[in-house]
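In: no sequence on hand, only this structure:
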């Protein structure tokens, strides 16, 4: 049971609306609904009676709502007492060079819990001056001298293509793709380098016909069958019905992503956000 689950429930109970909660916390409606559903599963009872176009708080929900009202009031009082009278609101400047979607989701979740937080995020893979950043999300420790870091996640990397591609469902070797077009997230990205190096070992240079650092556009190109893409394996992520993984038996690669930070500036809200990211570490 997580405090965010309880906050989603509490807000939804006040208005008897998941949609208004989603709007307040700036998250998808499905995230609120799924979070409350998980809470109900953990408690072993329903909290809302669900109808076609609305939800109605039931007796179980009213009991939990009344308890949370007192708990959140007390929590607010304690945090106000313990916290400085002028909470630090220093802007957190982050260079996101990997895991764009995941880090964006984490920032949204953190901002919902800490509305006073201010983030400035950058997605420039070609950036070389990192001194002005508080936090960097990247996959190469040698690029960021002077930064401390911790490992955030390590995922297998796979080749992906349109479901309609003629190579789908076949057991392949990397050399079978020598004449195929590829889509790149940019020459500065680690996935581009991984694929290029692997192909060169097989005696060919991949034919990148599109370079884009926009993830949405990238996925659209792959989904449309314009070329073969590369991406992380997410066993718990909902499948995209139009994008599938190619079975390339000799392409074995992993991407390890780290959170980089300067120890001397890791205090206040920066330290709090780093602690939050550490709680999200996955493997």
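Out: Arrived safely. Every value quoted in this text rests on a predicted model; they were computed, and no experiment measured them. Numbers count the residues shown, from 1 in each chain.
In: what is the longest strand seen in the chain packed up against?
Out: In terms of residue count, the longest strand belonging to the chain (DSSP state E) is strand 148-162. Packing partners of strand 148-162 (3 or more C-beta pairs under 8 Å, 6 or more residues apart in numbering; DSSP states H and E): helix 190-201, helix 215-223, strand 229-232, strand 243-245, strand 253-261. No exception for glycine: its C-beta is placed from N, CA and C like everyone else's.
In: could you redo the last one with a cut-off of 6 Å?
Out: Judged by 3 or more C-beta pairs under 6 Å, 6 or more residues apart in numbering; DSSP states H and E, strand 148-162 is in contact with strand 229-232, strand 243-245, strand 253-261.
In: how big is the angle separating the longest one from strand 148-162?
Out: With axes from the mean of the first three to the mean of the last three C-alpha atoms, to 10 degrees defining the directions, strand 253-261 sits at 140 degrees from strand 148-162.
In: ok, strand 253-261: who's next to it in the sheet?
Out: The pairing partners recorded for strand 253-261 under DSSP bridges are strand 135-138 (antiparallel), strand 148-162 (antiparallel).
In: and what of the second one?
Out: For strand 243-245, the paired strands and their directions (DSSP bridges) are strand 148-162 (antiparallel).
In: number of residues surrounding residue 27?
Out: When neighbours are counted by other C-beta atoms under 10 Å, residue 27 registers 19.
In: quick check, it in a strand?
Out: No: counting by DSSP: H, G, I helix; E, B strand; the rest coil, residue 27 falls outside a strand, being coil.
In: please report phi then psi for the nearest residue to it once chain neighbours are set aside.
Out: In space, and not counting its chain neighbours, residue 27 is closest to residue 108: 6.0 Å by C-beta to C-beta, 6 or more residues apart in numbering. Residue 108 adopts backbone torsions of phi -60, psi -40, taken as degrees, to the nearest 10.
In: how far away is residue 108 from residue 213?
Out: 21 Å (C-beta to C-beta, to the nearest Å).
In: next one: residue 54
Out: Between residue 54 and residue 213 the distance is 42 Å, computed by C-beta to C-beta.
In: pick out the residue closest to the middle of this protein.
Out: In the chain, the residue lying closest to the centroid (C-alpha atoms, centre = their mean) is residue 102, at 0.7 Å.
In: return the set of buried residues in the helix or strand where that one lies.
Out: Per DSSP states H and E: residue 102 is located in helix 100-113. By 16 or more other C-beta atoms under 10 Å, the buried positions in helix 100-113 come out as 100, 102-103, 106-107, 109-112.
In: which two among those are spaced furthest apart?
Out: Largest separation among these by C-beta to C-beta: 100 and 112, giving 18.9 Å.
In: what average pLDDT does the longest strand of the chain get?
Out: Throughout strand 148-162, pLDDT has a mean value of 92.
In: make 38 the first number, not 1, from now on.
Out: With 38 as the first residue, the last one maps to strand 185-199.
In: how far does it sit from its chain's centre?
Out: Offset of strand 185-199 from its chain centre (C-alpha atoms, centre = their mean, to the nearest Å): 12 Å.
In: and the pLDDT at the residue nearest to residue 64?
Out: On the pLDDT scale, residue 145 gets 93.
In: same thing with the one 5 residues further on?
Out: With respect to pLDDT, residue 150 scores 89.
In: and it, how far is that from residue 265?
Out: 39 Å.
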